[in-house]
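In: no sequence for this one, just the structure:
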């Protein structure tokens, strides 16, 4: 569709919607922004799109006469496709795209796209680094935080776009066709939007919808749904596994990641050479490495990039080593389940900082996951006494109570031996002492660097 002069409804006034409206204005379309929230301040929305003259903004209700004048509707990812207004678009024969479809049609170059329930952001960031180290024109976009539409017009024929794509974004693709795609895993999520697990799986699998036999799809062999899916798709299937050796694909053999093609077996990297920790991260490394390899990046370049990559901020993020002690920031571990992954990822004796805002969680499962690895549990925040009582009842490790995070970091430095790790993975929200988990993680890094 030639967008010049077309009247296009942008449904949603958030980051994605504003990105779509700006793109539409730049290609000569006439964007109309609509938000279902009647309390949205129209003047604030208009100011966000300064380059678009006389932009129309509607909130709450969309007038019928406006709907009848539309040539296209572009939905932000947060807008369900089964609400009455969107259904009415389909009924009147109005084309309905998502923000990703709009960006894909106006952008240039090739796309490498990642979806899955968990691990998308780390894998996208890692693949973005590999491609950026290897090529001149690379864009890392999508669910990772930079709207795809905000970069589409900067792309050239030689560009590579690395895109994190959510199930919400896949619902509204039509022509979107990555050269290499990946589905990392599928576990129960977003059923309030997709209603059934079957529908959630169907939407995730749409990532291969327009791929050809010349393209590739990277899949997790240990996910039974994906293992079966890979047997029936058009693009070439490449599996990864952290559990077993594969006849062909990329797998973890002890502490060695091996890439096995039809012609050769390539030792890629020992996990000890990576700054990422934990089996879930080794799976992310395998997925990103396979995508890069089948996108044409040399094994040597992949190896260099993955060894230099540090974790996505606040997610088992390597901070630095001081006096033989490695410091890790897992401030994103805001509940016991998330914090279990943090402690499981540690491959050294660990001094752990925990505690924070009390969300009414039970901490027994988290404490039992320490498995003899935690030498001291240093506690802060509202939950410190509650966690100390549970730790003493279970007999897991000695506890030290501190007034604040700065004091906790100093205590950890005093107690740590060369070869130990200090891990901030609180199992609690940050409120009370911090605005959010990002601020907590940033302060931790600041205190560590000041030691």
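Out: Right, received. Where do you want to start? Since this is a predicted model, take the numbers as computed values, not measurements.

In: wait, residue 153 sits on residue 25?
Out: No - at 10.8 Å, residue 153 does not count as touching residue 25 under the criterion of Cβ atoms under 8 Å. C-beta coordinates here come from the backbone N, C-alpha and C atoms, glycine included.

In: between the two, point out the one with more neighbours.
Out: Shown here are residue 153 and residue 25; by other Cβ atoms under 10 Å, residue 25 has more neighbours (18 against 14).

In: that one is in contact with residue 31, isn't it?
Out: Yes - assessed by Cβ under 8 Å, residue 25 is found in contact with residue 31 at 5.8 Å.

In: show me what the helix or strand containing residue 378 is packed against.
Out: In this structure, residue 378 is located in strand 374-379 according to DSSP states H and E. For strand 374-379, the elements it packs on are strand 350-354, helix 384-394, strand 399-401, helix 405-415, judged by 3 or more Cβ pairs under 8 Å, 6 or more residues apart in numbering; DSSP states H and E.

In: nearest to residue 361, out of these?
Out: The closest of the helices and strands packed on strand 374-379 to residue 361 is helix 384-394. By Cβ to Cβ, the value is 9.2 Å.

In: which SS class is residue 31?
Out: Three-state call for residue 31 (DSSP: H, G, I helix; E, B strand; the rest coil): strand.

In: which residues in the stretch 101-250 of the chain form helices?
Out: Applying DSSP state H, counting those that start in this stretch to the stretch 101-250 of the chain gives helices spanning 120-134, 167-170, 191-194, 197-204, 224-229.

In: buried ones in the first one?
Out: It refers to helix 120-134. 120-134 (16 or more other Cβ atoms under 10 Å).

In: ditto for stretch 88-108
Out: Neighbour count says stretch 88-108 has 89, 94-104, 106-107 buried, by 16+ other Cβ under 10 Å.

In: and that stretch, how far apart are its ends?
Out: One end of stretch 88-108 to the other measures 32 Å (Cα to Cα, to the nearest Å).

In: break the chain down into its structural domains.
Out: 7-94, 103-308, 317-449 (automatic domain parsing).

In: can I get these in JSON lines including distance to residue 1 and mean pLDDT?
Out: Shown next, in JSON lines, are those (distance: least, Cβ to Cβ, whole Å; pLDDT from 0 to 100):
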{"stretch": "domain 7-94", "distance to residue 1": "7", "mean pLDDT": "88"}
{"stretch": "domain 103-308", "distance to residue 1": "8", "mean pLDDT": "91"}
{"stretch": "domain 317-449", "distance to residue 1": "40", "mean pLDDT": "94"}
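
In: and after the helix or strand containing residue 269, which helix or strand comes next?
Out: Element membership of residue 269 [criterion: DSSP H and E] is strand 265-270. Reading on from strand 265-270 to the C-terminus, the next helix or strand found by DSSP H and E is helix 279-294.

In: any buried residues in that next one, and which?
Out: 280-294.

In: ok, now which ones touch the most centrally placed residue in the chain?
Out: Residue closest to the average C-alpha location in the chain (Cα atoms, centre = their mean): residue 121, at 2.2 Å. Contact partners of residue 121, counting by Cβ atoms under 8 Å, 6 or more residues apart in numbering, are 143, 144, 164, 312, 315.

In: rerun at 10 Å
Out: By Cβ atoms under 10 Å, 6 or more residues apart in numbering, the contact list for residue 121 reads 114, 142, 143, 144, 145, 164, 284, 312, 313, 315.

In: just the buried ones among those residues, please.
Out: Buried subset of the contacts of residue 121 (neighbour count, 16+ other Cβ under 10 Å): 114, 142, 143, 144, 164, 284, 312, 315.

In: among the buried residues of helix 279-294, which one lies nearest to residue 390?
Out: Set against residue 390, the nearest of the buried residues of helix 279-294 by Cβ to Cβ is residue 280 (25.5 Å).

In: wait, the closest one sits on residue 311?
Out: No - taking contacts as Cβ atoms under 10 Å, residue 280 lies outside contact range of residue 311: 11.2 Å.

In: where do the contact lists of those two overlap?
Out: With Cβ under 10 Å, 6+ apart, residue 280 and residue 311 have common neighbours 122, 345.

In: what about residue 394, neighbour count?
Out: 13.

In: the closest residue to residue 205 other than its chain neighbours and residue 206, how far apart?
Out: Sequence neighbours aside, residue 229 is the residue nearest to residue 205 in space, at 6.0 Å (criterion: Cβ to Cβ, 6 or more residues apart in numbering). From residue 229 across to residue 206, the span is 12 Å (Cβ to Cβ, to the nearest Å).
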